[in-house]
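**Q** quick one, fold the following:
(chains A and B)
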Number of protein chains: 2
Amino acid sequence: MTRWTLPPDKIPTAWFNVVPHLATPPQPPLHPGTREPVGPDDLAPLFPMALIGQEVSAEPWIDIPGEVLEILRLWRPTPLVRATRLEKELGTPARIYFKDESISPSGSHKTNTAVPQAFYNAQEGITRLTTETGAGQWGTALSFATAQFDMDLKVYMVRASFDQKPYRRIAIETWGGEVVPSPVDDPSHPGSLGSAISDAVRDCVGREDTHYSLGSVLNHVLLHQTVIGIEAKEQLELAGERLPDVVIAPCGGGSNLGGIAFPFVPDAGVRLLAVEPMSCPTLTQGEFGYDFGDVEGLTPLLPMYSLGRGFIPPSIHAGGLRYHGDSPLISQLVRDGRMEAIAYPQGKVFEAAVRFARTEGRIPAPECAHGIRAAIDEALAAKETGEEKVILFNYCGHGFLDLAAYDEYNHGRLPEEQG
Amino acid sequence: MTRWTLPPDKIPTAWFNVVPHLATPPQPPLHPGTREPVGPDDLAPLFPMALIGQEVSAEPWIDIPGEVLEILRLWRPTPLVRATRLEKELGTPARIYFKDESISPSGSHKTNTAVPQAFYNAQEGITRLTTETGAGQWGTALSFATAQFDMDLKVYMVRASFDQKPYRRIAIETWGGEVVPSPVDDPSHPGSLGSAISDAVRDCVGREDTHYSLGSVLNHVLLHQTVIGIEAKEQLELAGERLPDVVIAPCGGGSNLGGIAFPFVPDAGVRLLAVEPMSCPTLTQGEFGYDFGDVEGLTPLLPMYSLGRGFIPPSIHAGGLRYHGDSPLISQLVRDGRMEAIAYPQGKVFEAAVRFARTEGRIPAPECAHGIRAAIDEALAAKETGEEKVILFNYCGHGFLDLAAYDEYNHGRLPEEQG
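**A** Numbering: from 1, shown residues only, chains lettered A, B, ... in the order given. Model prediction:
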């Protein structure tokens, strides 16, 4: 057998909170004006109380509401797949497993947090959300989720993506969301995630009916993604494995990495590996400290690795990994030495993506392909040593909406790495 | 529970042959020159003997080779889903189920036959295949399959699609296939499926290393698709249903319809419904008789409903349904009154697609949306009569590569139906 499914009634019913398992307790976010730790009241204009509570919770497990489970069951539990055809082609003694998050309605792991975020906001009487999106994976996921709760959605999309990559914009509109290019006040500016966050936050503040929603970085977002790792643990057992030797995922803001890796944090022997693009090397070359989440300095200051909020990464196809900062929880794990990080140039990532497509059949999103690159290198290292290593990576999204990037790679037109 | 998965070891191990269950035995294809029934030797330049044998077989079940099962298990069995959120929105007492074929590597049911076709050809020593593709669903599926057997592939793609819809072309190339626009000899011609078939057949004839591969219409192609209906029957039982009242699928050449419907042919009480576009109404307005499969008259003559091989349907977004003819097996079932057919205009199809996307979360391919339209109308009819009808339709492919069509619909730019 090479694929382990679980029936919908085996979906995890609680999220795994990594906070109690951290060697160093997380430092609080600071208010952008006072530089004092932010309290619930500071965050209330942006987020519902249930999410603010999850943001600071130290409970080891947090129950998933039934209404959320009902929607997650449209595609969860996702399959765990053993990549036997890739293993064979590599000639490795390693056993490579991946968790297939690409089968969600919007095609990535982002839906795992979009649904509970929409739910908790709807429960608090909020009827409209604003958010930002870069390449569009987060915007599509949230548009799917707000459609389930009859909410309005306004998505500020990085203008370069809005102009050049219309497909995810169209998907957002098909689910009923409104999309505008960002920055809204400068039609000649290509935009960035940091500036789109500023636009979305500004639209939300002062409107009673509106909250803001973020697709990565924050503790509650990563919490919602832990269904991935919880399921993977159970499925690895079904596959006859004990624990993986290494858990791998790409890292932009950190949500898909946290989702698959956090449930393995208490398992001391399991290596955890973050993979980032060389052109935006936050964990591998950034500084740990307090920095803003956005360009303008509207958000609280977060304790995280950062390249500086003014850092504009070069245009690469893995738009979801182009963020100057990183999740505080991921940052703390790296700082404490519990998690490793590695950076790859774009060309080596696409080489791995095509190799995966031709063996396992699936064309990954460029973000996702970063994890595949690292998984292949771990498997090749195992070939050198003859070690029967167990590798687990997160197949966090498909590449059907990123095929233009493959066209450049297939025809030798992929720009050289600028990082 | 609203989703029924089966583990990979529950995949069907034999295909269901509908031929023994037909009221009228199928008439043979005729040689294009002599107009005599074609024999195996006539077909040998195009197809491997194993497929020719399946084309004329009267055995009720045909074993699926282990090497084929191993690859199908990358995504099969596919889930059966109950569309409870759509039911609720419609306020219908009907129970609506769909079989989710969109999770295959290339995103549609086409992979179900691409894999065995590549396998049988490879087994006979063939190292290169040629084929045609319209919108590209078939070309992508076959490119995935030939990559699994290390074969070369040349895809003749209808020029209008090649120029305007590059994404599936890129996917074919990513799996290693070569794509050229058709007709090859007239760069100013937009092309059609019929002319692309002519190009692909011409490339194959006379080359020892090359065979031709077709993605629909022929008996062996529909045979390979019956895994859909066999699985659906078993999953409906798991869902506590006896038999569906009606089985629905879109129909272009007939392969996804045959796949889900054939296993229900022996169940007399089950209605079978083919859905076609009003602009290419082969079953609803065509004539039954012998006609060529291609424009030039290179293929054998097939006994089928046809709009005439010279019929060029207007450009619609459901490119996979733009074919002048139809599967002989489907044609015979319609002619014998065992299967019904209905045609819809494009606008009503997209309306259903968006309704489905906003309730069930998934954005269907335009071809696929034809079946959804009919399923919704069956459910609304059940609401009128108060009948607790069980509706099964084939969710044969996702629309991630067809979003440009949704953009036209969302912004009121969809051309009026010309059929």
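**Q** please name the residues that touch the closest residue to residue A:63 other than its chain neighbours.
**A** Leaving aside its sequence neighbours, residue A:63 sits nearest to residue A:14 (CB to CB, 6 or more residues apart in numbering or on different chains; 5.2 Å). Where C-beta positions appear, they are placed from N, C-alpha and C, glycine not excepted. By CB atoms under 8 Å, 6 or more residues apart in numbering or on different chains, the contact set of residue A:14 is A:61-64.
**Q** and of those residues, the nearest to chain B?
**A** residue A:64 (16.8 Å; CB to the nearest CB).
**Q** skipping adjacent residues, who's closest to that closest one in space?
**A** residue A:13 (5.6 Å).
**Q** was I right about that neighbour contacting residue A:62?
**A** No - taking contacts as CB atoms under 8 Å, residue A:13 lies outside contact range of residue A:62: 10.4 Å.
**Q** neighbour count for those two, which is higher?
**A** residue A:62 (17 against 14; other CB atoms under 10 Å in any protein chain shown).
**Q** tell me the pLDDT of the residue nearest to residue A:63.
**A** Note on residue A:14: pLDDT of 98.
**Q** same deal with residue A:315?
**A** For residue A:315, the model assigns a pLDDT of 80.
**Q** isn't it right up against residue A:161?
**A** No - Residue A:315 is beyond contact range of residue A:161, at 9.9 Å (criterion: CB under 8 Å).
**Q** okay, and the common contacts of those two?
**A** If you check residue A:315 and residue A:161 against CB under 8 Å, 6+ apart, no residue is contacted by both.
**Q** who has more neighbours out of those two?
**A** Taking neighbours as other CB under 10 Å, residue A:315 and residue A:161 compare with residue A:161 leading, 24 against 14.
**Q** for the more buried one, helix, strand, or coil?
**A** State at residue A:161, reduced to three classes by DSSP: H, G, I helix; E, B strand; the rest coil: helix.
**Q** just give the nearest non-adjacent residue to it, would you?
**A** Per CB to CB, 6+ apart, closest to residue A:161 is residue A:135, 5.6 Å.
**Q** picking that back up, from chain B, how far out is the residue nearest to residue A:64?
**A** 15 Å (CB to the nearest CB, to the nearest Å).
**Q** ok, now how distant is that residue from residue A:347?
**A** Distance, residue A:13 to residue A:347, by CB to CB, to the nearest Å: 43 Å.
**Q** equivalent analysis for residue A:388, please.
**A** For residue A:388 relative to residue A:347 (CB to CB), the value is 30 Å.
**Q** pLDDT score for the residue of the stretch 251-400 of chain A at minimum distance from chain B?
**A** Residue nearest to chain B within the stretch 251-400 of chain A: residue A:361 (3.5 Å; CB to the nearest CB). Residue A:361 is assigned a pLDDT of 95 by the prediction.
**Q** kindly report the same for residue A:418.
**A** Value for residue A:418, per-residue pLDDT: 43.
**Q** same deal with residue A:378?
**A** 98.
**Q** and it, how many residues sit next to it?
**A** Residue A:378: 21 neighbours (other CB under 10 Å).
**Q** just list whatever residues bridge to the closest residue to it other than its chain neighbours.
**A** Among residues not flanking residue A:378 along the chain, residue A:391 sits closest, at 5.2 Å (CB to CB, 6+ apart). Beta bridges link residue A:391 to residue A:96, residue A:246 when assigned by DSSP bridges.
**Q** still on that earlier bit, distance of the residue nearest to residue A:161 relative to residue A:1?
**A** Distance from residue A:135 to residue A:1, by CB to CB: 35 Å.
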